[in-house]
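Trainee: coords please:
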Amino acid sequence: MSYFDINRSGELAIFIRVVELGSFSAVARACNMTPSAVSKLISRLEKRLGVRLLNRSTRQFQLTSEGCQFYEQGIQILNDLDELEQSVTANHIPKGRIRIHTSFSYWTHFLLPCISLFNQRYPEIELEAHLSDEVINLVEQRIDVAIRTGPLKSSNLVARSLGSTYKHYVCSPVYIEKYGCPEHPDELHEHQLLDVSYQRQNKTWLFKKATQEISLTPSKVLKVNHGEAILQLALAGAGIAQLNEFQIRNALQQKQLIKILEDWNIHAEPYRVCRRLFYLS
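Mentor: Numbering: from 1, shown residues only. I've put the predicted structure just below:
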């Protein structure tokens, strides 16, 4: 008898259900089959074994001695099969350490709320988060996964898009009260601007309105190397900033920040999850 008959375990399971439920119709309802299909399956099983497993009558059946033996040992076989599958699955539970690099802003707004659920689902995985706005070499820093915006420059990375975020020009009501509200990008030369200082950031601010495009190199800029620090500076009335929509949502709702130059668009920036292809030894 071939070990590669894929129907054998299925036939055994149906036979056991017949014995336990007591009728072909009950098994048919439980297994989404017809009673005739169940009957044919049992007949096929008996034909292959060369013995009668059930003595049938119009309304009931009785197990033969061979049927009793087949039922008792069949239960043990299916239990062993379940244990085998569970042991294999247990051996493949994800485990180990994952080193993540992303910005503090993205971590706070998107990843942090998911950590508890992640730990429950993958208890054998140890997360190690490295938070900064700098672009680092994932291979040199031995980072497994990074979440980044902007173009990918390394050929040692593979990436998948997570979505896009829009930036807005904002400042506080206190700033507008002191220095006024610019109506055109050219007026920003007269204002205190807030910008990041890490190397990936384009030092030029781009503005687009219909077919008109303006490229502005800020002349009066307070620079910091942390996106959340820029948010705090803007809230404190220290200047005008361009910030991600998710960073400023609450501040806008509470009127702590105000959008300016809303007719001038900033292109959407994609967020990507990146992983390195290999480690360098």
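Trainee: what's the closest non-adjacent residue to the spatially most central residue of the chain?
Mentor: Closest residue to the average C-alpha location of the chain: residue 162 at 8.5 Å, with CA atoms, centre = their mean. Nearest non-adjacent residue to residue 162, counting by CB to CB, 6 or more residues apart in numbering: residue 271, 4.4 Å away. Placement of C-beta: from N, CA and C, glycine included.
Trainee: For the strand or helix carrying that neighbour, name the packing helices and strands.
Mentor: Residue 271 belongs to strand 269-276 when assigned by DSSP states H and E. Helices and strands touching strand 269-276, by 3 or more CB pairs under 8 Å, 6 or more residues apart in numbering; DSSP states H and E, are strand 145-149, strand 157-165.
Trainee: Give the pairing partners of the first one; include direction for each.
Mentor: Partner strands and pairing direction for strand 145-149 (DSSP bridges) are strand 96-102 (parallel), strand 269-276 (antiparallel).
Trainee: Quick one: closest of the ones you listed to residue 183.
Mentor: Comparison of those against residue 183 by CB to CB identifies strand 269-276 as nearest, at 25.2 Å.
Trainee: Distance from that closest one to the middle of the chain?
Mentor: 12 Å (CA atoms, centre = their mean, to the nearest Å).
Trainee: list the buried ones in it?
Mentor: For strand 269-276, burial by neighbour count (16 or more other CB atoms under 10 Å) applies to 270-272, 274, 276.
Trainee: Check which residues of whichever helix in the chain runs longest are buried.
Mentor: Longest helix of the chain, by residue count under DSSP state H: helix 65-91. Along helix 65-91, these residues count as buried under the neighbour rule (16+ other CB under 10 Å): 67, 70-71, 74.
Trainee: Could you dump those into TSV with pLDDT and distance to residue 11 added?
Mentor: Putting the buried residues of helix 65-91 into TSV (pLDDT from 0 to 100; distance: CB to CB, whole Å) gives the following:
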residue	pLDDT	distance to residue 11
67	90	13
70	92	11
71	89	13
74	90	10
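Trainee: any idea where the strands of this structure begin and end?
Mentor: Counting by DSSP state E, the chain has strands at residues 54-56, 61-63, 96-102, 125-131, 145-149, 157-165, 167-171, 193-196, 205-209, 212-216, 221-224, 240-244, 258-260, 269-276.
Trainee: Just tell me which of these ends up closest to residue 117.
Mentor: strand 125-131 (12.3 Å).
Trainee: then that closest one to CSV, C-alphas only?
Mentor: What follows is strand 125-131, C-alpha atoms only, in CSV (Å, rounded to 0.1, in the frame of the first residue of the first chain):
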residue,chain,number,x,y,z
ILE,A,125,11.4,37.9,19.3
GLU,A,126,13.5,40.5,21.1
LEU,A,127,13.2,44.0,19.6
GLU,A,128,16.0,46.5,19.7
ALA,A,129,15.0,50.0,18.5
HIS,A,130,17.5,52.6,17.3
LEU,A,131,15.8,55.9,17.0
